[in-house]
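Predicted model, plus sequence, below.
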Amino acid sequence: MIIFRNIFYVAATLVLITFYFIYDFVFADRITWLKGTPLQAIFLFLEIVILYLAKKYVDRVIEQTEYKLTSSALEVKMGTNHMTYRYRDFTRAYYGTVDFTGACPVTYEVAGKTYRPSQYLDNVWEMHQELLKKIRPYAEIEEGLESKISAFVR
């Protein structure tokens, strides 16, 4: 999801800016030669490195993640891991809590375990919409979940 990737980058920037101000407040009087431009340059360099690494991570997750809805199961490929979740094993679908790791908190209970698909994919909302259609005969779907999902489908 493009929106989530941007939120991820903004959050990384805010964390780094927070550390800049903490460092400036706590250590600036002790290490005076770092005050001002040198400290800003160090944190600007760190910001560039962090955003570069975050982008590489997100791109790698997107590249290595694939969802396929077959006639009988959701097939998930994440890197070298391949998982198959049969539709009849889904018992519940609900809108979980939004947190830093997920802008799309649709969560499933499958065979007694909680499962939340990767949030980085551009078509994650469409995948949820199609998956709900497939699991409807087997799973309890939270009231209003489908309308929340359809609000995000392009």
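Cool, got the structure.

immediately after the longest helix along the chain, which helix or strand?
Ranked by number of residues, the top helix in the chain under DSSP state H is helix 37-64. Next helix or strand after helix 37-64 toward the C-terminus (DSSP states H and E): strand 65-69.

which regions of this protein sit below the pLDDT cut-off?
Along the chain, the parts satisfying pLDDT under 70 run over 1-8, 99-103.

all strands of it, in order?
65-69, 73-78, 81-86, 90-95, 106-110, 113-115, 140-141 (DSSP state E).

Quick check: which of those is buried the most?
Highest mean neighbour count among these (mean count of other Cβ atoms under 10 Å): strand 106-110, with a mean of 20. Where C-beta positions appear, they are placed from N, C-alpha and C, glycine not excepted.

how far out from the middle of the chain is that one?
15 Å (Cα atoms, centre = their mean, to the nearest Å).

what angle do that strand and strand 90-95 make?
160 degrees (axes from the mean of the first three to the mean of the last three Cα atoms, to 10 degrees).

Could you tell me which strands sit next to strand 106-110 in the sheet, and their orientation?
Its sheet considered, strand 106-110 pairs with strand 90-95 (antiparallel), strand 113-115 (antiparallel) by DSSP bridges.

and E75, what does it touch?
Shown in contact with E75 (Cβ atoms under 8 Å, 6 or more residues apart in numbering): Y67, K68, L69, H82, M83, T84, Y85.

I'd like the distance between the fourth one and E142.
In this structure, H82 lies at 28 Å from E142, with Cβ to Cβ, to the nearest Å as the measure.

Can you give the domain ranges for this structure?
Annotated domains of the chain cover 2-63, 65-150 [automatic domain parsing].

Of these, flag the one that's most buried.
Of all the domains of the chain, domain 65-150 carries the top mean neighbour count, a mean of 15, counting by mean count of other Cβ under 10 Å.

Let's see the distance spanning that domain from one end to the other.
Domain 65-150 has an end-to-end distance of 23 Å (criterion: Cα to Cα, to the nearest Å).
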